[in-house]
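S.K.: curious how this folds, go ahead:
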Amino acid sequence: MELSVTDLRELVTALSQSDIVELTLKSSDFELTLRKPGAMVSVVAPAPTAPRVEGVPPSPSPVTESVSASPAASPAAPPGKGSDLLSITSPMVGTFYRSPAPEEPAFVGVGDRISSGQTVCIIEAMKLMNELEAEISGEIVEILVENAQPVEFGQTLMLVRPV
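M.R.: Numbering: from 1, shown residues only. Take a look at the predicted model:
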């Protein structure tokens, strides 16, 4: 049995919208257990990985444990764009938010200068708000995702011209 990112997203959504507290899937390749927020999520055996773009260095897998966790963005040259631009990618499947609250200003905008360690957005996953910090300093050239849009692991969120 193969489990894609889309399949996993649908499972998480179905779990969050139901009375089910825990869901376990088992196959010869893996075992996946999902529990409602407040419980741990575990994956046993190799999990399916997102496809890689040739020539892009692999990014470390972030580990998030609480709302205050800050997974880091991974710089990588996006395909089809200028070679001087680096990308900030999503370290997880979730929902992209540009600001900490609907009535508050965005963390960053096009043309803004960012520094390493600066929060650039929030990715909500399983009702946990994970602040995404930049690993690079530079100028935001383009924001590729609309506010409140679902994102996938490894999806490019922003393009940055390093300084």
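S.K.: only C-alpha atoms for contact and neighbour calcs from this point on.
M.R.: OK.
S.K.: any weak-confidence spans in the chain?
M.R.: Residues of the chain meeting the criterion pLDDT under 70: 1, 36-83.
S.K.: give me the number of residues near the nearest residue to Ile122 once chain neighbours are set aside?
M.R.: Distances taken as Cα to Cα, 6 or more residues apart in numbering put Glu131 closest to Ile122, at 4.5 Å, once the chain neighbours are dropped. Residues lying near Glu131 (other Cα atoms under 10 Å) number 21.
S.K.: what's the answer for Lys26, then?
M.R.: So Lys26, with other Cα under 10 Å, has 11 neighbours.
S.K.: just to revisit the earlier point, which stretch of helix or strand covers the residue nearest to Ile122?
M.R.: Counting by DSSP states H and E, the element that carries Glu131 is strand 128-133.
S.K.: thought Leu32 was touching Lys26?
M.R.: Yes - shown here, Leu32 and Lys26 form a contact pair, counting by Cα atoms under 8 Å, at 6.5 Å.
S.K.: how does this structure divide up, domain by domain?
M.R.: Per automatic domain parsing, the structural domains of the chain span 5-44, 75-162.
S.K.: could you measure from Thr33 over to Thr13?
M.R.: 14 Å (Cα to Cα, to the nearest Å).
S.K.: one more: Asn147?
M.R.: Distance from Asn147 to Thr13, by Cα to Cα: 19 Å.
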